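Q: Please work out how this folds:
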Amino acid sequence: MHTRFILVFLPALATGCKAVDCGDGTTERNGMCVPSSETVAPAGCGPGTMLQGDLCVPRLPPTRCDPQTTAPDVDSMGVTTCIGTSAGCSTKLPCPAPTDGTQTICGQIYSFETGEPFATASPSGAKCACPATSGPCALGIKAFDAVVFAMSNGTAGGLATGEVYIDDCGRYRVSNIVMPSGPLIALGFDDADPTKAGPMGITNAVGIATGKGVAATKDLDAFVVAPATTAGWVGAGVPFDASNGIFAAVFRGSRTGTELAAGVAITRNGSPDGNHDYYFASGATGRVTLDAAATQTGANGTGLFNITSPMLTDLYSGIGGLAAGCVWDQHPGASVRFVVFVQTFRPTNAPSMTCSL
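A: This next block holds a predicted model:
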């Protein structure tokens with residue numbers, strides 16, 4: 001018994017090799033026992049380091065972007081990325097996250113008819129200085145509480161913003177949008193000239209929406225839809241008037257990027273509705289001429305839906321055109337008179353599965 005007793009405590013005895021053994025709540029520092037909560041003096045940290053707790057850690061200089069060739073893009077974690085500004089339209093706009101509780105939304109404006117960026121004939125990436133009569137520099141952008149805007153049929157819900165930036169590439173940034181009371185922020189795109197609002201100018205009033213609460217929302221697709229295009233749709237039986245808007249669904253084939261998905265039928269609350277949807281010819285890459293016989297998206301990944309209620313209680317999505325493990329995300333939709341509301345849908349994980357797209 002005596003021998004076993006000594007062996008059990010040998011590990012404890014073996015640890016007593018320090019000159020000073022300090023009790024609980026203290027630590028040895030320079031041969032003395034001091035409270036473990038006591039920190040070292042800042043002067044004890046070497047060059048290029050700083051005190052965090054009782055440890056000296058590297059002190060990194062703040063990121064500085066060359067103002068001649070780059071612009072800072074600060075994310076919600078405070079990480080700064082320098083975005084090139086001298087590459088014309090080939091780079092994305094910086095989309096820094098606000099720190100004052102507002103939201104910034106950035107993206108690219110596209111021609112709905114062609115799917116191509118809505119840019120001037122020879123864009124350089126220059127900021128639009130004055131309203132033009134054509135191209136992206138003829139546009140204005142306003143922010144709205146999407147729920148209030150829909151339920152008021154487009155007459156209320158405006159939100160205050162900071163700078164609204166558009167360049168001749170068709171890139172846009174709406175900064176420091178004040179948070180709405182509802183869950184969604186809508187952006188409205190129309191002619192900057194108020195005498196050409198709605199179908200009187202280069203585009204109909206076009207709306208897009210995104211969730212609030214993301215400090216910087218990047219890569220949100222926006223569109224312009226020419227009045228001649230909607231006139232053709234009306235001729236094919238799509239209601240678009242003082243009582244009806246158009247809900248346009250664009251199905252992207254992956255979580256990011258611009259790939260389009262064919263073979264998708266629009267659903268409302270989980271079910272297709274063949275009495276209110278419209279599609280283009282299967283091989284059509286443009287979005288101008290509707291095909292009365294089509295029942296799902298073709299090469300342009302797009303369908304139109306006649307929503308008959310201004311309420312945002314119905315959820316819209318799609319069925320078909322996806323790999324196993326994937327479903328289309330869901331978004332609320334409403335009809336706002338004389339507004340083409342464009343919603344982009346992307347694949348997401350099916351319940352208890354992982355989507356590879």
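
Q: got the contact list for the residue minimising distance to the centre of the chain?
A: The centre of the chain sits closest to Thr217, judged by Cα atoms, centre = their mean, with a distance of 3.6 Å. If you count contacts by Cβ atoms under 8 Å, 6 or more residues apart in numbering, Thr217 has them with Cys95, Gln103, Thr104, Ile105, Cys106, Thr210. All C-beta spots, glycine's among them, are computed from the backbone N, C-alpha and C.

Q: Looking at those, which are in strands?
A: Gln103, Thr104, Ile105, Cys106, Thr210 (DSSP state E).

Q: In TSV, list those residues along with distance to Asp329, neighbour count and pLDDT.
A: Shown next, in TSV, are the ones in strands among the contacts of Thr217 (distance: Cβ to Cβ, whole Å; neighbours: other Cβ atoms under 10 Å; pLDDT from 0 to 100):
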residue	distance to Asp329	neighbour count	pLDDT
Gln103	20	25	98
Thr104	22	22	98
Ile105	18	24	98
Cys106	20	22	98
Thr210	12	18	96
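
Q: which other residues reach the helix or strand hosting Thr229?
A: Element membership for Thr229, per DSSP states H and E: helix 227-235. For helix 227-235, the surrounding residues in contact (Cβ under 8 Å, 6+ apart) are 112-113, 199-201, 203-204, 238, 240-241, 246, 278, 287-290, 304, 340.

Q: Show me the residues you listed that map onto strands.
A: Among those, the members falling in strands (DSSP E) are Ile246, Tyr278, Leu304, Val340.

Q: neighbours around Cys137, how many?
A: Residues lying near Cys137 (other Cβ atoms under 10 Å) number 20.

Q: Which of the three states applies to it?
A: Assigned by DSSP: H, G, I helix; E, B strand; the rest coil, the conformation of Cys137 is helix.

Q: list the contacts for it?
A: Thr120, Cys128, Ala129, Cys130, Pro131, Ile166, Asp168.

Q: Quick check: the closest residue to the second one other than its chain neighbours vs Leu93, distance?
A: Translated: Cys128. Distances taken as Cβ to Cβ, 6 or more residues apart in numbering put Cys137 closest to Cys128, at 3.7 Å, once the chain neighbours are dropped. Remark: distance between Cys137 and Leu93 (Cβ to Cβ, to the nearest Å) = 15 Å.

Q: Now list the buried members of the contacts of Cys137.
A: Listed as buried from those are Thr120, Cys128, Ile166, Asp168; burial here means 16 or more other Cβ atoms under 10 Å.

Q: Return the member of those nearest to Trp328.
A: Taking Cβ to Cβ as the measure, Trp328 sits nearest to Ile166 out of the buried ones among the contacts of Cys137, at 30.1 Å.

Q: counting contacts, what elements does the host helix or strand of that closest one pack onto?
A: Taking DSSP H and E as the definition, one finds Ile166 inside strand 164-166. Contact partners of strand 164-166 among helices and strands, from 3 or more Cβ pairs under 8 Å, 6 or more residues apart in numbering; DSSP states H and E: strand 139-145, strand 171-177.

Q: Show me what the last one pairs with in its sheet, parallel or antiparallel.
A: Listed by DSSP bridges, the sheet partners of strand 171-177 and their directions read strand 103-111 (antiparallel), strand 164-166 (antiparallel).

Q: Which strands or helices does whatever helix or strand comes next after it pack on?
A: Later in the chain than strand 171-177, the nearest helix or strand by DSSP H and E is strand 184-191. With contacts taken as 3+ Cβ pairs under 8 Å, 6+ apart, strand 184-191 sits against strand 103-111, strand 139-145, helix 146-151, strand 205-211, strand 222-224.

Q: quick check: angle from strand 184-191 to strand 205-211?
A: Interaxial angle of strand 184-191 relative to strand 205-211 (axes from the mean of the first three to the mean of the last three Cα atoms, to 10 degrees): 160 degrees.

Q: that older thread, while we're on the residue nearest to Cys128, how confident is the model there?
A: Cys137 carries a pLDDT value of 97.

Q: Equivalent analysis for Ser309, please.
A: Note for Ser309: predicted pLDDT of 71.

Q: contacting residues around it?
A: Applying Cβ under 8 Å, 6+ apart, one finds that Ser309 lies in contact with Ala334, Ser335.

Q: Please apply the same query to Gln330.
A: If you count contacts by Cβ under 8 Å, 6+ apart, then Gln330 has Leu315, Tyr316, Ser317 around it.

Q: host element of the second one?
A: With secondary structure defined by DSSP H and E, Tyr316 is part of strand 315-319.

Q: That strand pairs with which strands, parallel or anti?
A: Applying DSSP bridges to the sheet, strand 315-319 is found paired with strand 265-268 (antiparallel), strand 331-332 (antiparallel).

Q: How far off centre is that strand?
A: How far strand 315-319 lies from its chain's middle: 19 Å, per Cα atoms, centre = their mean, to the nearest Å.

Q: Wait, Asp314 touches Pro332, no?
A: Yes - in this structure, Asp314 is within contact of Pro332 by Cβ atoms under 8 Å, at 6.7 Å.

Q: among the buried ones among the contacts of Cys137, which are in strands?
A: Counted as lying in strands by DSSP E, out of these, are Ile166.

Q: from the buried ones among the contacts of Cys137, which is closest to Thr344?
A: Ile166 (19.4 Å).
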